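Q: Give me a 3D structure for the following:
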Amino acid sequence: MGTTTRAATKRDFRVWKRRCQSHSRAASVYRSFRWTLLCLIVISGVVAGQDFDATSGEQPAWVAKKVTAADTAEQQVLEGRDGWLYPVSELRALSVGRFWGERAAEVSRAAKPENADPLAAIVDFHQQLKRSEIRLILVPVPGKVVIYPEPLATEGEKLEWKASDDVDSERLDCWHSEFYGVLRARGIEVIDLVPEFRRQRFAEGGPLYCRTDSHWTPRAALLAAENVSAMVAASDWAKGSPRTDYQTRLGKVQITGDLTVLLGKERGASETISIESVRGVRSGTTAAALVDRSSPVVVIGDSHTLVFHDPQLFAADSGFPDFVAKQLGMPVDLIGVRGSGATTTRIEILRRRDQLAGKKVLIWCLSFREFTESEAGWRKVPVIPVR
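A: The predicted structure follows:
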């Protein structure tokens, strides 16, 4: 994999951007008003104690239509315009309405109803960490369809992209936004990446999501890492910690995404992704590590913590934990799994039998789909038993 000049990167971006920026401003304003009104109705219902259901008619017709059709056809992947592929589970996660508390067992795919509620498990984990003075930062990864809905939602012959200047309305994940507020009210720090991703979706560097894969690109992982690192770096202990020097190198990698594989390779195409590899600056014959179990910062989560970090997932040293390490100037500990990041990661912590000794911050990064789509569900795991 060779290096890529910034000029080439900019040229590729300009070609991509010209294809993406055709849009109808009037239609965008109308849809923004419609979704703002919907969110106000939702909030009003919540305040009044009503169990408003986002699937009761206000859900965008195209979302419900595509979920129903996919379920009938037993599809796992939806094909959008211009080669964009989407996991059906993303749309289902958006269509179930409120998914925590009393409604959790009704809408979750968890095999056991008692493990359906993400709120109870997350709050329990937060309390365990708090007793040991470990800070929890939750980083839900938005769905591709939330940031780039147009290839799937557009009807007719021409693919039209909406303006990205209004980031506070027209959110497909209105219920997830509310859930993050519920978590914050319980003292849990949540980084909602949707506003930032919406602002940056046409910025230099290419798309934030792979067209043919269910994961984000390194550019999105870097934006997330910058948000997380800014919060951690403001801590007194971090300010006094010695810094490790890292350097980066631009490059490209060609991938065949997991959604293409699910469709059958003959039906899909590979794509080229711009990457930014992180390397530790050498001191003698040794380069500084990116991952170190003794680090005071631990990153846990699903495959979003591994993609472009693990060489078996497209590239090495170009993923979320690598960027967190670079931004903080220190290596991070990593507990990433290819399956569900809801319960499995906490079980892995338990198996270590060290009760997270020496940790200052735990960064929990996982797909927003996990809140409803994990078959393993949300078990309460006694990672740090009460003494």
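Q: Quick one: distance of stretch 314-323 to the chain centre.
A: 15 Å (C-alpha atoms, centre = their mean, to the nearest Å).
Q: Pull up the distance across that stretch, start to finish.
A: End-to-end distance for stretch 314-323, by C-alpha to C-alpha, to the nearest Å: 16 Å.
Q: and that stretch, what's its mean pLDDT?
A: The average pLDDT within stretch 314-323 is 97.
Q: which residues touch the residue nearest to residue 305 when sequence neighbours are not counted?
A: Leaving out its chain neighbours, the residue that sits closest to residue 305 by C-beta to C-beta, 6 or more residues apart in numbering is residue 336, at 3.7 Å. All C-beta atoms are positioned from the backbone trio N, CA, C, and that covers glycine. Residues near residue 336 by C-beta atoms under 8 Å, 6 or more residues apart in numbering: 299-303, 305-306, 309-310, 321, 345.
Q: Touching stretch 313-325 from outside, list them.
A: By C-beta under 8 Å, 6+ apart, the surrounding residues in contact with stretch 313-325 are 1, 218, 221-222, 224-226, 228-229, 244, 246, 253, 255, 273, 275-279, 290-291, 297, 299, 303-310, 331-332, 334, 336, 363, 365.
Q: Just to be sure, which of the contacts of residue 336 are found in helices?
A: Secondary structure from DSSP state H places 321, 345 of these in helices.
Q: want to throw the contacts of residue 336 into CSV with neighbour count and distance to residue 154?
A: Compiled in CSV, the contacts of residue 336 are given as follows (neighbours: other C-beta atoms under 10 Å; distance: C-beta to C-beta, whole Å):
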residue, neighbour count, distance to residue 154
299, 28, 36
300, 22, 37
301, 28, 32
302, 25, 29
303, 22, 28
305, 29, 32
306, 20, 32
309, 28, 33
310, 18, 34
321, 29, 35
345, 25, 36
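Q: Serialize the contacts of residue 336 to TSV and add fields for distance to residue 204.
A: Output for those, formatted as TSV (distance: C-beta to C-beta, whole Å):
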residue	distance to residue 204
299	26
300	31
301	27
302	28
303	26
305	25
306	26
309	23
310	26
321	24
345	33
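Q: Which one of the contacts of residue 336 is nearest to residue 126?
A: residue 300 (13.3 Å; C-beta to C-beta).
Q: still on that earlier bit, how confident is the prediction for the residue nearest to residue 305, by pLDDT?
A: 96.
Q: How about residue 94?
A: Among the per-residue scores, residue 94 holds a pLDDT of 93.
Q: State the number of residues packed around it.
A: When neighbours are defined as other C-beta atoms under 10 Å, residue 94 has 28 of them.
Q: now do residue 279
A: 17.
Q: contacting residues for it?
A: Per C-beta under 8 Å, 6+ apart, neighbours of residue 279: 246-249, 287, 317.
Q: repeat for residue 330
A: Contacts of residue 330 (C-beta under 8 Å, 6+ apart): 241-244, 295-297.
Q: go on, residue 280?
A: Counted by C-beta under 8 Å, 6+ apart, residue 280 has contacts 244-246, 287-290.
Q: Which ones among the residues you listed map onto strands?
A: 246, 287 (DSSP state E).
Q: Closest to residue 173 out of the contacts of residue 280?
A: Nearest to residue 173 among the contacts of residue 280, with distances taken as C-beta to C-beta, is residue 290, at 31.0 Å.
Q: so how far is residue 309 from the closest one?
A: 8 Å (C-beta to C-beta, to the nearest Å).
Q: Can you lay out the contacts of residue 280 as CSV showing pLDDT and neighbour count?
A: Formatted as CSV, the contacts of residue 280 follow (pLDDT from 0 to 100; neighbours: other C-beta atoms under 10 Å):
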residue, pLDDT, neighbour count
244, 92, 18
245, 92, 12
246, 95, 22
287, 74, 13
288, 83, 19
289, 92, 14
290, 95, 25
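Q: Now do the same for residue 154: its pLDDT.
A: Value listed for residue 154 in the pLDDT field: 71.
Q: which residues of the stretch 51-200 of the chain score low on pLDDT?
A: 51-60, 155-158, 164-169 (pLDDT under 70).
Q: how about the helices of it, start to end?
A: 61-73, 88-95, 104-107, 118-131, 144-147, 150-153, 174-185, 194-200 (DSSP state H, counting those that start in this stretch).
Q: can you tell which of these is closest to residue 236?
A: Per C-beta to C-beta, nearest to residue 236 of the helices of the stretch 51-200 of the chain: helix 118-131, 17.5 Å.
Q: Also compute the angle for the closest one relative to helix 174-185, please.
A: For helix 118-131 against helix 174-185, the angle by axes from the mean of the first three to the mean of the last three C-alpha atoms, to 10 degrees is 30 degrees.
Q: Can you list the neighbours in contact with helix 118-131?
A: 99-101, 104, 115, 135-136, 138, 179, 182-183, 186-188, 342-343, 346, 356, 362, 370-372, 378-384, 386.
Q: buried residues in it?
A: 118-126, 128-129 (16 or more other C-beta atoms under 10 Å).
Q: Export the helices of the stretch 51-200 of the chain to a markdown table and append columns for distance to residue 261.
A: Formatted as a markdown table, these follow (distance: least, C-beta to C-beta, whole Å):
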| stretch | distance to residue 261 |
| --- | --- |
| helix 61-73 | 17 |
| helix 88-95 | 15 |
| helix 104-107 | 28 |
| helix 118-131 | 28 |
| helix 144-147 | 16 |
| helix 150-153 | 19 |
| helix 174-185 | 27 |
| helix 194-200 | 25 |
